[in-house]
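Undergrad: Take this sequence and fold it.
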Amino acid sequence: MEVKYEQVFINTFQDERFKTQKKIFIKWINLNLKTVNDLADGRILLKLLEIVTGKKLPKPSHGNMRVHKIENVNKSILFLRTQVHLQGIGAEDIVDGSPKLILGLIWTIILRFHIEKVPAADGEAKLTKETLLSWCQKKTRGYPGVEIKNFTDSWRSGLGFSALIHAHCPNLFVYNNLLHMSNIRNLKYAFEVTQTKFDIPKLLDAEDVCISKIDEKSIMTYITIYYHTFAGMTRNVRNLTGETQSEPTDIQSVTKIEEHEDPKFQAHHTSIKALFPFARQIFL
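TA: The predicted model follows:
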C-alpha cells in the first residue's frame, strides 16, 4: 500500500513538472502566436535552430509524408549533434509527438543556445549553471530573507527575484516592504515589475514557484533572462527618474537599464526577440 502511494506521488510530481516545463518552454519560444503548426514535420524546428544559432541549415523537404517529416527532423538532429552531446532522441520520437523527448530536445536547445550562449560577466567564455548561480548569490548577498543555494526552493518566497531587481534598480520599490508579504504576493509582484519595467517576459506564474517541488530547468530559463537584461547595466548612468548618480558602491546605488555595448549581448537580445513569432507550435 505504501509503495503504491509513493508511486502515485512520483507520478503526480512528474505530471506537474511536465506541465510547468511545457508551459515555460512554449513561452520561451513564442510569446506572440501568429501561425499554428507543429514540430512533427520538422520545418519549425529547422527554423528555430536557424534563429537561435544564426546559422543557415539545410532547406526542409516540403512533402507531407512521414518519410519527409523524419527527413526534416533528422536534419535538425544532425546539426545539433555537431553542437552538443545528444543521445536518446531520434527523429521518429519527435514526429510521433513524444512529450518527454520533445521537452528534452527543447531543453537541450535552451541550455546550449539560450543559457550557455550568453557571455559570462566574470570573463568566462560562456554562462554555466554554476556561474549563473554565483551571479545570483553575489547580487542578492545581504538582502534579508534571501539565501540563494540552488534553482529550486531558494526562489519560493519570491524575495530572490525582487532582490535581483532591487540590486540593480533600488529606486523602483522599498525592498523591506516585501518582507511581510506572502510568497504568492511577492512572486506576482516581482514578475509584474520585471515585465512592466524591464520588458522581461512573464514566463513563470507565481503558482509555478510557490509549490513543494520547483522545476529547476524552468527557473534557470527564466533567471537567464534576468541575467541577460541586468548584465547590460552600466555603472555611471542616470536612474529611471533621469537624475544623475555617482558611481555605485552598494546595493542602494541607483542605476538604469541600458543596452550593453558588447555586440555579443546585442546579438543575444536580438535572437531572443526573434523567437517570439513561434508560439505554442511545438506541442499542438
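
Undergrad: who touches residue 73 in this structure?
TA: 42, 45, 91, 94-95 (C-beta atoms under 8 Å, 6 or more residues apart in numbering). For every residue, glycine as well, the C-beta is placed using N, CA and C.

Undergrad: That one falls within a helix, correct?
TA: Yes - Residue 73: assigned to a helix according to DSSP: H, G, I helix; E, B strand; the rest coil.

Undergrad: Show me where the stretch 151-284 of the chain has its helices.
TA: Under the criterion DSSP state H, counting those that start in this stretch, helices of the stretch 151-284 of the chain are mapped to 159-168, 183-198, 206-209, 216-230, 263-274.

Undergrad: Would you mind giving these as CSV with mean pLDDT, mean neighbour count and distance to residue 82 added?
TA: Shown next, in CSV, are those (pLDDT from 0 to 100; neighbours: other C-beta atoms under 10 Å; distance: least, C-beta to C-beta, whole Å):
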stretch, mean pLDDT, mean neighbour count, distance to residue 82
helix 159-168, 96, 25, 35
helix 183-198, 96, 18, 35
helix 206-209, 94, 20, 34
helix 216-230, 91, 21, 23
helix 263-274, 47, 14, 19
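
Undergrad: Rebuild the contacts of residue 73 as a markdown table, extending it with secondary structure.
TA: Converted to a markdown table, those look like this (three-state DSSP):
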| residue | secondary structure |
| --- | --- |
| 42 | coil |
| 45 | helix |
| 91 | helix |
| 94 | helix |
| 95 | helix |
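
Undergrad: residue ranges with poor pLDDT in the protein?
TA: Within the chain, the segments meeting pLDDT under 70 span 1-16, 30-39, 117-126, 232-284.

Undergrad: Would you map out the domains in it?
TA: Using automatic domain parsing, the domain ranges for the chain come out as 2-117, 129-261.

Undergrad: which residues sit in contact with residue 104?
TA: Residue 104 touches 88-89, counting by C-beta under 8 Å, 6+ apart.

Undergrad: Against residue 177, how distant is it?
TA: Using C-beta to C-beta, to the nearest Å, one gets 41 Å for the distance from residue 104 to residue 177.

Undergrad: now residue 194
TA: Taking C-beta to C-beta, one finds residue 194 at 17 Å from residue 177.

Undergrad: now swap in residue 199 and tell me
TA: 24 Å.

Undergrad: try residue 141
TA: Going from residue 141 to residue 177 by C-beta to C-beta gives 20 Å.

Undergrad: which of the two has more neighbours?
TA: residue 141 (13 against 10; other C-beta atoms under 10 Å).

Undergrad: For stretch 51-59, buried residues please.
TA: Residues of stretch 51-59 classed as buried under the neighbour-count rule (16 or more other C-beta atoms under 10 Å) are 51-53, 57.

Undergrad: The helix or strand encompassing residue 137 versus helix 159-168: what angle between them?
TA: Assigned by DSSP states H and E, residue 137 belongs to helix 129-140. With axes from the mean of the first three to the mean of the last three C-alpha atoms, to 10 degrees defining the directions, helix 129-140 sits at 70 degrees from helix 159-168.

Undergrad: Helix 129-140 packs against which elements?
TA: Secondary-structure packing of helix 129-140 (3 or more C-beta pairs under 8 Å, 6 or more residues apart in numbering; DSSP states H and E): helix 159-168, helix 216-230.
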